[in-house]
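>>> the amino acid sequence is not available; the structure is as follows:
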């Protein structure tokens, strides 16, 4: 059961280097992307939409050209373990999600996914074996059209100016002060 | 002028592979991180806060253990070209931002940063040379304490359940339906 051009173990090693450890969520994410690509046209550049900030963005960053910083990966929290790869111009693409109804056959995955067991009671080896065996089989696949104006997609007037309060540059579109000086408290 | 353990050219190559091309913003981000680390204790693991989703997250992902998916990198849009590395337990750390007042000495950087010139009028070679020469010299450095509850930081009740509408799993804390079924329109 491969993950794109990688063996399961090869991908696990790449995940370790980038993510810090071979997190189950990223491994499952690998199979989700593999599944998405099976349903996408061979050619084409696809943008990515990720519905959770947990683990899944790293699978996307490892297996697609989309990164958090290059604009092709958008993370929009719906809390669902789901991603979509889509053609930018049309918004049409493939969405893959973990389907809870398919987890009953995989008790270790289900226990982890729904946080039914404390971490120390999980059998990590068995768990990873189930992930490897299950592959994309725990997922659902849909054809979707990404909405023109989903939260991370908004087109805004371009241009930067200097905030009269903090003296840093910020997008004009944010208003007369930068968002931090408007009250978004980041620093105490 | 090195960027952590990399030469400028070596880092540019890593940026090309990960980000798609040696984007000026990521290169400047490299110097920003180098500067942050110069002011941080040698030992220690630091979380990252990034105030823009443009380019800078990728510099962080290339030069720190923090990624979009492992929870150590939080992107909170204030629109400012700034990042902070901080100790998780105390929130204390170093913030680095591009200081507009220091850009006058570097017209190519200033022109790009404030989008004063259309892309095709930019002299890319001269521009990259200025980035390399300027290094962290265009930045400001502050000691900060990251607020306990900045937007990406919120502690929420744990636990997942199945959304009665879409039948996918989502965090209980989001309400009786998942956020997508509550109306966040991602797909047309």
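Nice, thanks for sending it over. Source: prediction; values computed, not measured.
>>> can you check which helix is longest in chain A?
In chain A, taking DSSP state H as the definition, the longest helix is helix A:24-39.
>>> go through it and flag the buried ones.
A:24-37 (16 or more other CB atoms under 10 Å in any protein chain shown). Bear in mind the C-beta positions are built from the backbone N, C-alpha and C, glycine included.
>>> out of these, which comes closest to chain B?
Nearest to chain B among the buried residues of helix A:24-39, counting by CB to the nearest CB, is residue A:26 at 6.5 Å.
>>> so which of the buried residues of helix A:24-39 reach chain B?
A:25-26 (CB under 8 Å from any CB of the partner chain).
>>> re the thing from before, any idea how far the longest helix of chain A is from the middle of the chain?
10 Å (CA atoms, centre = their mean, to the nearest Å).
>>> and the next helix or strand past it?
Once the chain leaves helix A:24-39, the next helix or strand it forms, by DSSP states H and E, is strand A:46-50.
>>> what angle sits between that following strand and helix A:24-39?
140 degrees (axes from the mean of the first three to the mean of the last three CA atoms, to 10 degrees).
>>> helices and strands around strand A:46-50, which ones?
Applying 3 or more CB pairs under 8 Å, 6 or more residues apart in numbering or on different chains; DSSP states H and E, we find strand A:46-50 packed against helix A:56-63, strand A:73-75, strand A:82-87.
>>> residue A:7 and residue A:56, how far apart?
21 Å (CB to CB, to the nearest Å).
>>> also residue A:119?
19 Å.
>>> who has more neighbours out of these two?
Using other CB atoms under 10 Å in any protein chain shown, the more surrounded residue of residue A:119 and residue A:56 is residue A:56, with 27 against 8.
>>> ok, and the closest non-adjacent residue to the more buried one?
Sequence neighbours aside, residue A:29 is the residue nearest to residue A:56 in space, at 4.6 Å (criterion: CB to CB, 6 or more residues apart in numbering or on different chains).
>>> same deal with residue A:11?
Take residue A:11 and drop its neighbours on the chain: the residue closest to it by CB to CB, 6+ apart is residue A:3, 4.4 Å away.
>>> circling back: contact partners for the residue nearest to residue A:56?
A:55-56, A:58-60, A:83 (CB atoms under 8 Å, 6 or more residues apart in numbering or on different chains).
>>> and of these, the nearest to chain B?
For the contacts of residue A:29, the nearest to chain B is residue A:58 (3.1 Å; CB to the nearest CB).
>>> what's the closest non-adjacent residue to that closest one?
residue B:69 (3.1 Å).
>>> quick check: the one you found vs residue A:75, distance?
From residue B:69 across to residue A:75, the span is 9 Å (CB to CB).
>>> those two: who's more crowded?
Taking neighbours as other CB under 10 Å, residue B:69 and residue A:75 compare with residue B:69 leading, 29 against 22.
>>> where does that one land in three-state SS?
coil (DSSP: H, G, I helix; E, B strand; the rest coil).
>>> so, low pLDDT: which residues of chain A?
A:149-155 (pLDDT under 70).
>>> most distant residue from the centre of it?
The centre of chain A is farthest from one residue, residue A:164, which by CA atoms, centre = their mean lies 36.5 Å away.
>>> contact partners for the closest residue to that one other than its chain neighbours?
Of all residues beyond its chain neighbours, the one nearest residue A:164 is residue A:177 (6.9 Å), with distances taken as CB to CB, 6+ apart. Neighbouring residues of residue A:177 by CB under 8 Å, 6+ apart: A:163-165.
>>> for residue A:113, which non-adjacent residue is spatially closest?
In space, residue A:113 is closest to residue A:103, 6.2 Å off (CB to CB, 6+ apart).
>>> who touches the most centrally placed residue in chain A in this structure?
Most central residue of chain A, judged by C-alpha distance to the mean C-alpha position with CA atoms, centre = their mean, is residue A:57 at 3.1 Å. Shown in contact with residue A:57 (CB under 8 Å, 6+ apart): A:50, A:68, A:73, A:75, B:67-69.
>>> one more time with 10 Å, if that's ok
Residues in contact with residue A:57 (CB atoms under 10 Å, 6 or more residues apart in numbering or on different chains) are A:19, A:26, A:29, A:48, A:50, A:66-68, A:73-75, A:83, B:67-70, B:73.
>>> hang on, the earlier thing: touching, the residue nearest to residue A:58 and residue A:60? I think so.
Yes - with contact defined as CB atoms under 10 Å, residue B:69 reaches residue A:60; the gap is 8.1 Å.
>>> between the two, which contacts overlap?
A:26, A:29, A:50, A:68, A:75.
>>> backbone dihedrals for the closest residue to residue A:86 other than its chain neighbours, both of them.
Counting by CB to CB, 6+ apart, residue A:93 is the residue found nearest to residue A:86 once chain neighbours are left out, at 2.6 Å. Note on residue A:93: backbone dihedrals following degrees, to the nearest 10 are phi -170, psi -160.
>>> and residue A:93, how many neighbours?
Residue A:93 - counted by other CB under 10 Å - has 26 other residues nearby.
>>> and it, what is it in contact with?
A:36, A:39-41, A:44, A:46-49, A:83-87, A:142-146, B:187.
>>> can I see the domain layout of chain A?
Under the assignment automatic domain parsing, the domains of chain A span A:8-153, A:156-188.
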